[in-house]
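Visitor: Structure of the sequence below:
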Amino acid sequence: MKYFEEVANKLNELLEKNYDAEKGYKFAAEQVKNPQLQSFFNERAKERYDFGHELKSEIRNFGEAPDKGSSFAGDAHRAWMNLKTTFSSDKEEAVLEEAIRGEKASVEEYNEVLKDTNIPTSTETILRKQRDSITASLNKVESLENRADHRDDNKTW
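Guide: Numbers count the residues shown, from 1 in each chain. Okay, the predicted model is just below:
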């Protein structure tokens, strides 16, 4: 397998994960009533959509074709999130917990690809920027979850 094909395959895996994250965030926005959380989740969905376009462009730069859809694992995760929120007394906290889990996995996946020291500089730059943005989102979600854990019923976000 040619090196560029290998890199494109890794990028396609990240692309698939971004499709999954975009759908997951859209689903999360539908599950919560808090307008701030809805906005946050919708912003993350849009961000992941944008990441997908950047990755598709980079994959094409390697002369390869981008993948078109989400993964079975992503579909299963959204089904689990639906089940969890259905039976949870605090839907917002359940959704935040799943968002944290997903973002941690995303950061690990990006770090794994970035371990390849032969990745072209342009690709590395894109991946680091995306990973850092996901890390910032993770920190924000953890902050929101901590606030949810410590809020009184009378307080808002």
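Visitor: Let me see the contact set for residue 26.
Guide: 41, 42, 45 (C-beta atoms under 8 Å, 6 or more residues apart in numbering). For the C-beta atoms, the positions are set from N, CA and C on the backbone; glycine is no exception.
Visitor: Low-confidence regions, the chain specifically.
Guide: Applying pLDDT under 70 to the chain picks out residues 1, 69-90, 149-157.
Visitor: Show me where it has its helices.
Guide: 3-31, 35-61, 72-87, 91-114, 121-150 (DSSP state H).
Visitor: what about the residue nearest the centre of the chain, distance to residue 118?
Guide: A centroid search over the chain (C-alpha atoms, centre = their mean) returns residue 21, at 3.8 Å, as the residue closest to the centre. For residue 21, the distance to residue 118 (C-beta to C-beta, to the nearest Å) stands at 26 Å.
Visitor: Same check on residue 63?
Guide: 17 Å.
Visitor: can you check residue 62 too?
Guide: From residue 62 over to residue 118 (counting by C-beta to C-beta), the distance is 13 Å.
Visitor: who's more crowded, these two?
Guide: residue 62 (18 against 8; other C-beta atoms under 10 Å).
Visitor: My guess is that one contacts residue 9. True?
Guide: No - applying C-beta atoms under 8 Å as the test, residue 62 and residue 9 come out as separate, 9.6 Å apart.
Visitor: Could I have the CA atoms of stretch 42-55 written out in PDB?
Guide: Extracted in PDB, the C-alpha atoms of stretch 42-55 (Å, rounded to 0.1, in the frame of the first residue of the first chain):
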ATOM      1  CA  ASN A  42     -25.500  22.700  17.500                       C
ATOM      2  CA  GLU A  43     -22.300  24.600  17.300                       C
ATOM      3  CA  ARG A  44     -20.300  21.400  17.900                       C
ATOM      4  CA  ALA A  45     -22.300  19.700  15.100                       C
ATOM      5  CA  LYS A  46     -21.500  22.500  12.700                       C
ATOM      6  CA  GLU A  47     -17.800  22.400  13.700                       C
ATOM      7  CA  ARG A  48     -17.600  18.700  13.000                       C
ATOM      8  CA  TYR A  49     -19.400  19.200   9.700                       C
ATOM      9  CA  ASP A  50     -16.600  21.800   8.900                       C
ATOM     10  CA  PHE A  51     -13.900  19.400  10.000                       C
ATOM     11  CA  GLY A  52     -15.400  16.800   7.700                       C
ATOM     12  CA  HIS A  53     -15.000  19.100   4.700                       C
ATOM     13  CA  GLU A  54     -11.400  19.900   5.700                       C
ATOM     14  CA  LEU A  55     -10.600  16.200   5.900                       C
END
